[in-house]
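**Student:** What follows is a predicted structure for the sequence shown.
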Amino acid sequence: MVQSSKRSPLTWLVHATVLFLVVIWTIPTAGLFISSIRDKDQLSVSGWWTALSTSEQRMVTRVTVPKKPLQEDGLYVLTGNVFEDNKQGIVTRFGDSSLRPSEFESGKVAELKRELTLTVLANGDYKMTSPKAFSSRGKRIFYTAEIPPRFTLDNYREVLGSEGLGKSFLNSLTVTIPATIIPILVAAFAAYALAWMQFPGKALFIAAVVGLLVVPLQMSLIPLLRSYNFIGDIFGVGSKGYLGVWLAHMGFGLPLAIYLLRNYIAGLPREIIESARVDGATDFDIFRKIVLPLSFPALASFAIFQFLWVWNDLLIAMVFLGNNPDELVLTGRLRELLGSRGGNWEILTASAFITIIVPLCVFFGLQRFLVRGLLTGSVK
Amino acid sequence: MGQLASALVIVIVGVLGCACYFYGSNFLLDKLLPSKNKPYDVVARNLRIAGYIRPWLFLGPAFLALGFYLVYPVVESFRLSFFGRSGEVFVGLSNYAWLFNSDEFYQAFKNNMLWLIVVPTAATFFGLIIAVMTDRIWWGNIAKSLIFMPMAISFIGASVIWKFIYDFRSGDDPQIGLLNAVVVFFGGDPQPWITLPFWNNFFLMVILVWIQTGFAMVILSAALRGIPDETVEAAVLDGANGFQIFYKIMVPQIWGTIAVVWTTITILVLKVFDIVLAMTNGQWGTQVLANEMFDWMFRGGGDFGRGAVVAIVIMVLVVPIMVWNIRRANAEMEGR
């Protein structure tokens, strides 16, 4: 690229614009991740960009009345801490009624009805006194506290366990691994035949593969659903299951696989293959010993595509795998949670992050192959 | 864990099965039509026949899978579009008649057209300017990598990410959605973005643009690198400024690639369904064809006839691009 001078205003403008775009493109994902490790009470009242600042929260707790009443100077006494669990914070104001939840300043002794007194200290310790014994149901204390930022893995613990994402993760792996590996083999043989063997109808077959590349999945769903039901009836098995999903993903992935691999294999040096033929090697030997090892980059490219596509797929899993909670893959589970836990952002953000973490690792780890695959697939 | 083990067993069985098929069938062919230690004419004949058969052994599994999963369904969908709910009663053109009188379909069709105009245009445009700019700065590769990243995220994951950004709290509660927080910061009123009539379509499109820009950027960036330096240098010598170089020298040389990117994203847009399903499920006037089709597959026990008709519409929209792709591929092979 030709540049007149390094410090021209245009260069600065380019830096600023790219930075701006990068920020816009990454902020959504960053927000999701930060939210997923925030405390759920903080997450629901403040934006994730405030995650590092102290937040003011209005909360309520119910005092616990001990079995054995405690007495001090002829008064019944109750003590405890408003921060029940391990949360830390500074209480600024408190009160005893929901109408005036911040009536008193922390540290003051509040005179309440029926000669009750209540004190809440800044560190959350409270003390309640009364001339009569406390009823077993404790009073409520309302308080306003400044809660320091708090990060936790509780959200992940919850979604992996009780929300069933752990099981879905396994289901996703179960769907993805075979559906990624098996098509490669089938496609590689076909690609070799289309690249280096002569037979009538070859041009037509290649044209068909190119055409099938863009056939929308939607066209296939209804006929396949009917075929699967039909086949399931014949063999007396359910029409939904892993085998059907694996094969469906193979079928839908094949056009791209054959196209990518054929482009690559056809580009291998003719001399290598010709000289092997002259030496008496059969096509099968040539394929196995020469073409397959040489096409590793193309195989890797396609494997990444197929992996991302299968892992991220929702439609095929929904139609061909069934919607029982035990059978949902990650994408299906996430969709279900969007419906049932729509407002619980701590659940949704953690679940979404678990769903996207594997593809993101694959993406950053193997980006080189992915880019190469995209380029052979589209530019040629 | 047992499940994962069985998946691994399936991988091994599947791969071994494939290997056995290819190995076994080729072995059998060599045994049946031996090409060694025979008279010349027999060898020649055997080699010729084997040469006819072998490609089909290689192509067999792929041929069957493509046939069953893609070719047959296209034909069958077309047939089903003339049949009733369960696909058994012939109803002539009544599904098509329903389609053209259905407001729901018009809504979906109109929205799809909007998607087709906005998403490929925006993604290609952003992809192009990012590709041009990142080529000139030292941290360009990092920037590219980050902008490319959303491509790895599922549509449904992206929907959750953006739904969080569009989150809306009524009243004076602090907004936890980024967009509304920004609006409030600049003194505006928070809005329930995904239920705003008409404009909500654009908020859904943003998600797909966010995902696809990286794809456009990668392809266009490679194409830009393929531009001969001399053309740019000549323009500089003639006194062209940066923008003139971009519009008059670079863009015309990569028109072909821009068209490829554009059509690839167009195809994707036609198929997009997860985003609409997750964000609105077609409510508030955001229905699109792919979601409408999915809807009819299962609504009230499923109406295969109407579902098939909607699928046919999507297919018809794809056909021009398909024809263009095939012609391009053919021209390329002749040029090889």
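**Tutor:** Perfect, I can see it now.

**Student:** A:Pro190 and chain B, how far apart?
**Tutor:** Let me fix one detail, which is that residue A:190 is Ala and not Pro. 4 Å (C-beta to the nearest C-beta, to the nearest Å). Glycine gets a C-beta too; all of them are placed from N, C-alpha and C.

**Student:** Please read the previous query as pertaining to A:Leu314.
**Tutor:** 5 Å.

**Student:** Near the closest residue to that residue other than its chain neighbours, how many residues? Count them for me, please.
**Tutor:** In space, and not counting its chain neighbours, A:Leu314 is closest to A:Thr331: 4.2 Å by C-beta to C-beta, 6 or more residues apart in numbering or on different chains. Residues lying near A:Thr331 (other C-beta atoms under 10 Å in any protein chain shown) number 24.

**Student:** in what helix or strand does A:Thr331 lie?
**Tutor:** helix A:330-340 (DSSP states H and E).

**Student:** Relative to the whole chain's centre, how far out is that helix?
**Tutor:** 11 Å (C-alpha atoms, centre = their mean, to the nearest Å).

**Student:** residue contacts, the nearest residue to B:Met250 once chain neighbours are set aside?
**Tutor:** Nearest non-adjacent residue to B:Met250, counting by C-beta to C-beta, 6+ apart: B:Ile227, 5.9 Å away. Applying C-beta atoms under 8 Å, 6 or more residues apart in numbering or on different chains to B:Ile227 gives the contacts B:Ile249, B:Met250, B:Gln253, B:Ile254.

**Student:** can you list those in TSV and add secondary structure and neighbour count?
**Tutor:** Below are these laid out as TSV (DSSP: H, G, I helix; E, B strand; the rest coil; neighbours: other C-beta atoms under 10 Å in any protein chain shown):
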residue	secondary structure	neighbour count
B:Ile249	helix	18
B:Met250	helix	19
B:Gln253	helix	15
B:Ile254	coil	21
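
**Student:** Widest-spaced pair of those?
**Tutor:** For the contacts of B:Ile227, the maximum inter-member distance is 10.4 Å, found between B:Ile249 and B:Ile254 (C-beta to C-beta).

**Student:** buried set for stretch B:59-68?
**Tutor:** With burial defined by 16 or more other C-beta atoms under 10 Å in any protein chain shown, the residues of stretch B:59-68 counted as buried are B:Leu59, B:Gly60, B:Pro61, B:Ala62, B:Phe63, B:Ala65, B:Leu66, B:Phe68.

**Student:** can you redo those as CSV with pLDDT, secondary structure and distance to A:Gly80?
**Tutor:** Below are those laid out as CSV (pLDDT from 0 to 100; DSSP: H, G, I helix; E, B strand; the rest coil; distance: C-beta to C-beta, whole Å):
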residue, pLDDT, secondary structure, distance to A:Gly80
B:Leu59, 87, helix, 77
B:Gly60, 86, helix, 76
B:Pro61, 87, helix, 71
B:Ala62, 89, helix, 71
B:Phe63, 89, helix, 75
B:Ala65, 90, helix, 68
B:Leu66, 91, helix, 70
B:Phe68, 91, helix, 69
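
**Student:** can you narrow those to ones near chain A?
**Tutor:** B:Leu59, B:Pro61, B:Ala62, B:Phe63, B:Ala65, B:Leu66, B:Phe68 (C-beta under 8 Å from any C-beta of the partner chain).

**Student:** In the stretch 151-300 of chain A, which residue sits nearest chain B?
**Tutor:** A:Gly251 (2.6 Å; C-beta to the nearest C-beta).

**Student:** circling back to that earlier point, so the residue nearest to A:Leu314 touches A:Ile356, yeah?
**Tutor:** No: A:Thr331 lies out of contact with A:Ile356 (C-beta atoms under 8 Å); the separation is 10.0 Å.

**Student:** list residues touching both of those two?
**Tutor:** With C-beta under 8 Å, 6+ apart, A:Thr331 and A:Ile356 have common neighbours B:Ser154, B:Gly157.

**Student:** Please name the residues that touch residue 311.
**Tutor:** Answering for chain A, as no chain was given. Contacts of A:Trp311 by C-beta under 8 Å, 6+ apart are A:Ser172, A:Thr176, A:Leu330, A:Val358, A:Pro359, B:Ser154.

**Student:** meant chain B, my bad for not saying
**Tutor:** Contacts of B:Ala311 by C-beta under 8 Å, 6+ apart are A:Pro216, A:Gln218, A:Met219, A:Leu221, A:Ile222, B:Ser77, B:Ser81, B:Met293.

**Student:** Quickly check the residues you listed for the two that are furthest apart.
**Tutor:** Top of the distance list for those (C-beta to C-beta): A:Pro216 and B:Ser81, 14.4 Å.

**Student:** quick one, which of these two is more surrounded?
**Tutor:** More crowded of A:Pro216 and B:Ser81, by other C-beta under 10 Å: B:Ser81, with 24 against 21.

**Student:** Excluding chain neighbours, what is closest to the more buried one?
**Tutor:** B:Ala308 (4.2 Å).

**Student:** Touching, the one you found and B:Ser77? I think so.
**Tutor:** Yes: between B:Ala308 and B:Ser77 there is a contact under C-beta under 8 Å: 4.7 Å.

**Student:** Settle it for me: which of those two has more neighbours?
**Tutor:** More crowded of B:Ala308 and B:Ser77, by other C-beta under 10 Å: B:Ala308, with 28 against 25.

**Student:** measure that one to B:Ser25 for me?
**Tutor:** Distance, B:Ala308 to B:Ser25, by C-beta to C-beta, to the nearest Å: 37 Å.

**Student:** Report the secondary structure state of the nearest residue to A:Ser55 once chain neighbours are set aside.
**Tutor:** Excluding its sequence neighbours, the residue lying closest to A:Ser55 (C-beta to C-beta, 6+ apart) is A:Ser46, at 5.0 Å. Three-state call for A:Ser46 (DSSP: H, G, I helix; E, B strand; the rest coil): coil.

**Student:** Can you read off the pLDDT for A:Ser46?
**Tutor:** A:Ser46 is assigned 77 on the pLDDT scale.

**Student:** give me every residue that touches it.
**Tutor:** Per C-beta under 8 Å, 6+ apart, neighbours of A:Ser46: A:Ser55, B:Pro174, B:Ile176.

**Student:** what helix or strand is the residue nearest to the spatial centre of chain B on?
**Tutor:** Centroid check for chain B by C-alpha atoms, centre = their mean gives B:Leu268 as the closest residue, at 2.9 Å. In the assignment (DSSP H and E), B:Leu268 maps to helix B:255-271.

**Student:** hmm, who's touching that helix?
**Tutor:** With C-beta under 8 Å, 6+ apart, helix B:255-271 has contacts from A:214, A:216-218, A:378-379, B:112, B:115-116, B:119-120, B:123-124, B:127-128, B:208, B:212, B:215-216, B:219-220, B:223, B:251, B:289-290, B:314, B:317-318, B:321, B:324-325.

**Student:** Which of these fall within helices?
**Tutor:** Of the contacts of helix B:255-271, the ones assigned to helices by DSSP state H are A:217-218, A:378, B:112, B:115-116, B:119-120, B:123-124, B:127-128, B:208, B:212, B:215-216, B:219-220, B:223, B:251, B:289-290, B:314, B:317-318, B:321, B:324-325.
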